[in-house]
Structure formats: structure tokens, C-alpha cells
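Engineer: give the three-dimensional model of this entry:
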Amino acid sequence: ALRYFDGSYREGGQFLETLSANLAPNFAEASSTKLMDLITNPKIFILVSMLSTAYMAHYNASKFYWELQNNTLKRYQTVVGTSFGISLLLFVAVAFFGFATFGTNCAGLVLQNYSTSDSLMSLSRIAVALSILFSYPLAFVGVRDGILDLIQVPQSKRSNKLLNVVTVVLLSTITSLAYVLKDLRTLLAFNGATWGNAVIYLLPTYMFVSCVKTKLPERKELQAEIPWVIATGVIGLCMGIVGTVLAI
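Structural biologist: Numbering: from 1, shown residues only. Below you'll find the model as predicted:
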């Protein structure tokens, strides 16, 4: 936001000449594009798919609930709502100022657009690196436990030796893929279009319909919601298919 307001990357700005052409601000295409053209552009599904990854913290939901002091459902909903609200504001701010500063040349990882001579943005890169370093274990534990659940390894057999072996194998695989996959935008779009849409639209639909039909058949108001829930799942499926095709 500071670099947007101080004009460091505008014409005649302090850091503009240090950027390559593909990372420098470009508003020629954006200024000639109408709002309706943006809304009807099929690539909007790529954006939707990328947004689907923003709130994928489902694997830690139960852990956060059990570790919450005085963990009533109301307090948990307050924590979730507040956290999602703050995250939403941060996501919107980063997206807005990134595009407002660099236009259509805004990179998938917006920090790539900023000059390496910009000491303030260098500090931002360090801050992001530290954030990833300390938040990565939260996501990784969810992946590791999910894989062990998938192959049906009981808790009683999850020894430290087994967990260490699985950790090393997974980290090695993920790190190797990170060296190969350089385009963060495509990766986020594909991930959001597949797993993101599944977690947000498809799996909740399946769980809701199954729960209502098998365990709550007497709840007529929930039975009436089933067609609407299925419709939401179908819409999510369609967006996921289109987003996956465009991402690839």
C-alpha cells in the first residue's frame, strides 16, 4: 500500500527502471477492458479457483476447536468468523494494491514484481518467508495425518519411527515438486479448481445430504434444503471443471 501511494513504481518512480518489462506496471490492456468483458471472461473461473485456496484450513478445524479454551460452539463460531473476516480484508487489500500498482503484469506472487533494490519489500519477503516457515508445519501435519488415515493406519501403530519416515518421504516429494513447479498462479488455480472446489462445494454437499437422509429424516426443514444444497454442489462442480481446463 505504501509503494502504491508514494509512486515508487510509477513513471519516473525510484524503482521503475530496475524492473524487467514483464514485471513493470502495465495498464494499457486493463484500461481498455470494460467491466462486463471482465465478468464474462472465462478466465474469471481461474480467479474463483484461486480464491478457493484462501480458506483451506479445514484439516485443522477440529484441532482448533478442541484446543480452544471454554470451547463452546458459539465461541468457536466467533473465532472462525473473526479469523475469516480479518483474512478476507488482508486478501482484498493485497489483491487491490498489487493490481493497482502493476496492472496486468501483476505476478502470481506479487512480491516478485517489486525491485530487489527495494529494502522495504526485501523485509516483506523475509516476513513472508518466516510466516511460511512457522505455518508450514500446521498444513503439513494435516497432510501427513490425512495420508495415514487414507491408508487406514490406526493410531496405535503410528509410532515415532513411522511418523519420521512418512515425514521425510513427504517432505522430499513436496520439495522436489517445488523445484519443478515454478508458476505459482497455475498451481494455485489447479489446486483450487480441484481440491479447493471439492472441499468447499462437493464434500459438504455429500455430507449434508447423507446426514439428513440417514440420521435426520424427521427434520422436514432440512429435507427441503437438500435440492438447494445439491444445486450448490453442481455449480461448484461446473466451476471446478472449467477452472481446471483453463488452468491447464
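Engineer: and residue 166, how far from residue 145?
Structural biologist: From residue 166 across to residue 145, the span is 10 Å (CB to CB, to the nearest Å). Just so you know, the C-beta spots here come from the backbone N, C-alpha and C atoms, and that holds for glycine as well.
Engineer: now the residue of the chain positioned farthest from its centre, what's its secondary structure?
Structural biologist: Computed with CA atoms, centre = their mean, the residue of the chain farthest from its C-alpha average is residue 218, at 37.4 Å. Classification of residue 218 by DSSP: H, G, I helix; E, B strand; the rest coil places it in coil.
Engineer: that one and residue 212, how far apart?
Structural biologist: 10 Å.
Engineer: next one: residue 225
Structural biologist: From residue 225 over to residue 212 the distance is 8 Å, taken as CB to CB.
Engineer: so between the two, which is more surrounded?
Structural biologist: Shown here are residue 225 and residue 212; by other CB atoms under 10 Å, residue 212 has more neighbours (18 against 13).
Engineer: what residues of the host helix or strand of that one count as buried?
Structural biologist: Element membership for residue 212, per DSSP states H and E: helix 203-215. Counting neighbours by 16 or more other CB atoms under 10 Å, one finds that the buried residues in helix 203-215 are 204, 205, 208, 209, 212.
Engineer: next one: it to chain centre, how far?
Structural biologist: Distance of helix 203-215 from its chain centroid, counting by CA atoms, centre = their mean, to the nearest Å, is 25 Å.
Engineer: and whichever helix or strand comes after it, what's its mean pLDDT?
Structural biologist: With elements assigned by DSSP H and E, the helix or strand that comes after helix 203-215 is helix 220-247. Mean per-residue pLDDT for helix 220-247: 83.
Engineer: and stretch 141-148, by the same measure?
Structural biologist: pLDDT averaged over stretch 141-148 gives 86.
Engineer: mind giving me the packing neighbours of the longest helix that the chain contains?
Structural biologist: Longest helix in the chain, counting residues (DSSP state H): helix 119-150. Where contact means 3 or more CB pairs under 8 Å, 6 or more residues apart in numbering; DSSP states H and E, helix 119-150 is packed against helix 2-6, helix 160-180.
Engineer: with only the CA atoms kept, save the helix holding residue 212 in PDB.
Structural biologist: C-alpha atoms of helix 203-215 as PDB (Å, rounded to 0.1, in the frame of the first residue of the first chain):
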ATOM      1  CA  LEU A 203     -17.800 -32.800   0.100                       C
ATOM      2  CA  PRO A 204     -20.000 -30.600   2.200                       C
ATOM      3  CA  THR A 205     -22.900 -31.400  -0.200                       C
ATOM      4  CA  TYR A 206     -22.300 -35.100   0.100                       C
ATOM      5  CA  MET A 207     -22.000 -35.000   3.900                       C
ATOM      6  CA  PHE A 208     -25.100 -32.800   4.400                       C
ATOM      7  CA  VAL A 209     -27.300 -34.900   2.100                       C
ATOM      8  CA  SER A 210     -26.100 -38.200   3.600                       C
ATOM      9  CA  CYS A 211     -26.500 -37.000   7.200                       C
ATOM     10  CA  VAL A 212     -30.000 -35.600   6.600                       C
ATOM     11  CA  LYS A 213     -31.200 -38.700   4.800                       C
ATOM     12  CA  THR A 214     -29.800 -41.300   7.200                       C
ATOM     13  CA  LYS A 215     -29.800 -39.600  10.600                       C
END
